[in-house]
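> Structure of the sequence below:
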Amino acid sequence: MDASAAPRVAPPPTRQVRAPLSLARVDAAVSRSAGAIGIVFFLQSAPVLISQAGTTQPVWTAVVVSLLVLSLLGALIASLLKRHVQLANVAFAGVFLIVMLSWPFAVEDPLPDSPWFYYLMTVATGMAAIGLSVQSATVYLFAVPTLYAVLRLTERGGGLSPLKASLDSVYALMLGGAILILITMLRSASSHVDIAQATALDRYSVAVRQHATEAERVRVDAIVHDSVLTTLLTAARAETPEAKAFAASQAAAAIAHLREAAFVTPDDGSVVRIALVADGIRDAVKQLAAPFTVSVARLGPRAIPSVAGEAIHAAAVQAAVNSVNHAGADAQRSLQITDRDGALYVEVVDDGVGFDPTRVPRERLGVRVSIVERLANAGGRAEIRSSPGAGTTIRLRWPANGPGAAR
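Residues are numbered from 1 along each chain as shown. The predicted model follows:
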């Protein structure tokens, strides 16, 4: 019976799950809406700004208008590019607060009418809700209208009565509160959807991997039965030089079969989140005899094939074990995991005794097989930098190609 004829059970079909609601999609929609609405509100305030231009110092007006326009455009561009969205929204909220607090000092001819920047107060509280935590956004929501009312009570702010000064403030507080509640509820609901989807995908991936592992076990069992056992029986019966030579050739073929089986991982289509891969590496490194300084950058919900996740995990742990065994007792060791430019990176670094990678004997499989070849078979790449007395740096990357690939 040939090993290739071993029964194979097709893995269950995979399906790309797309969440109808996710935190990333909600944040993108809210931030883009806030940026666009902010531009519209600023354009609506333009006639009032022009009519009140003579009541404030010209330099102050030019500076604050430029800052508000730039921060509004920055928030809109950041939302479209999906980069630095929180920072851009916080920047506008901060600029608005500075404009409001500096306004009484720039007023030359106080007016009882609402100042032009009042029309942007709701935009500021909304952007604060996007860029800040719920607690900080709540403080901003109450602080800004309250400070506005206090400024309107002063002589340079218009000298209004408490009732008139509080009307605009209460309106802005109510509208900003509704926006904050809406954003908080949408984020909470989408976060629960993300968690539920991630849990379902994790369980599905585990089930698929268990199925694939069982199918692979059947294949390896067939190889052992057809190749290894046959070779052992042939070697036991070999008495003549020709029979012994034939047994040796069979043994070489059996070893080749086993080696191939060790590096052929079934492509079952399952995925694993990079955060779980990082957690597995970090937990494994903590169990080693020597301490590591572990640094894990903020990892999003992105998932990679389970084959790649297993290869990166195995290669990273093997690199850490090699460092513990060979770098020396006094070596300082670190492990860093990052996700950038669409690739997952793992770096294992020590300042130990080092070695010459070109002079590692072929029978030493820890680096060549367990790290380099294992990751290459999964579509990744391992880069080893070391020299005697200069420490060792092992950099793992998946996928091997694309932006930022090591050359």
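> For the closest residue to residue 378 other than its chain neighbours, grab the count of nearby residues.
Nearest residue to residue 378, sequence neighbours excluded (C-beta to C-beta, 6 or more residues apart in numbering): residue 311, at 3.5 Å. To be clear about C-beta, it is placed using only N, CA and C from the backbone, and glycine gets the same treatment. Per other C-beta atoms under 10 Å, the neighbour tally for residue 311 reads 26.
> While we're on residue 311, how confident is the model there?
On pLDDT, residue 311 comes in at 84.
> surely it meets residue 377?
Yes: Residue 311 is within contact range of residue 377, at 7.0 Å (criterion: C-beta atoms under 8 Å).
> Residue 241: neighbouring residues, count only.
8.
> domain parsing for this protein?
23-195, 197-263, 271-398 (automatic domain parsing).
> With respect to those, which exhibits the lowest mean confidence?
Lowest mean pLDDT of the domains of the chain: domain 197-263, a mean of 65.
> And for this protein, the residue most distant from the center?
In the chain, the residue that sits farthest from the middle, by C-alpha atoms, centre = their mean, is residue 240; the gap is 63.6 Å.
> where's it relative to residue 65, distance?
100 Å (C-beta to C-beta, to the nearest Å).
> same deal with residue 284?
56 Å.
> Could you double-check that residue 309 lies in contact with residue 275?
No: contact between residue 309 and residue 275 fails when scored by C-beta under 8 Å: they sit 10.6 Å apart.
> Compare these two and say which one has the larger neighbour count.
Remark: of residue 309 and residue 275, residue 309 carries more neighbours, 26 against 18, as counted by other C-beta under 10 Å.
> Which helix or which strand is home to the more buried one?
Using DSSP states H and E, residue 309 sits in helix 306-326.
> chain center to the helix or strand just after that helix: distance?
Downstream of helix 306-326, the first helix or strand assigned by DSSP H and E is strand 333-340. From the chain centre to the centre of strand 333-340 is a distance of 13 Å (C-alpha atoms, centre = their mean, to the nearest Å).
> What pairs with strand 333-340, parallel or antiparallel?
strand 293-296 (parallel), strand 343-350 (antiparallel) (DSSP bridges).
> now the angle from the longest one to helix 306-326?
Between strand 343-350 and helix 306-326, the angle formed by their directions is 10 degrees, by axes from the mean of the first three to the mean of the last three C-alpha atoms, to 10 degrees.
> Figure out how far strand 343-350 is from the centre of its chain.
So, by C-alpha atoms, centre = their mean, the centroid of strand 343-350 is 15 Å from its chain's centroid.
> repeat for the first one
The offset between the C-alpha centroid of strand 293-296 and the centroid of the whole chain comes to 15 Å, using C-alpha atoms, centre = their mean.
> Which positions in it come out as buried?
Within strand 293-296, the residues that count as buried by 16 or more other C-beta atoms under 10 Å are 294, 296.
> CA atoms of that strand as PDB?
Only the C-alpha atoms of strand 293-296 are listed here, as PDB (Å, rounded to 0.1, in the frame of the first residue of the first chain):
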ATOM      1  CA  THR A 293      12.200  41.600  28.300                       C
ATOM      2  CA  VAL A 294       9.000  41.100  26.200                       C
ATOM      3  CA  SER A 295       7.500  44.000  24.300                       C
ATOM      4  CA  VAL A 296       4.300  43.500  22.400                       C
END
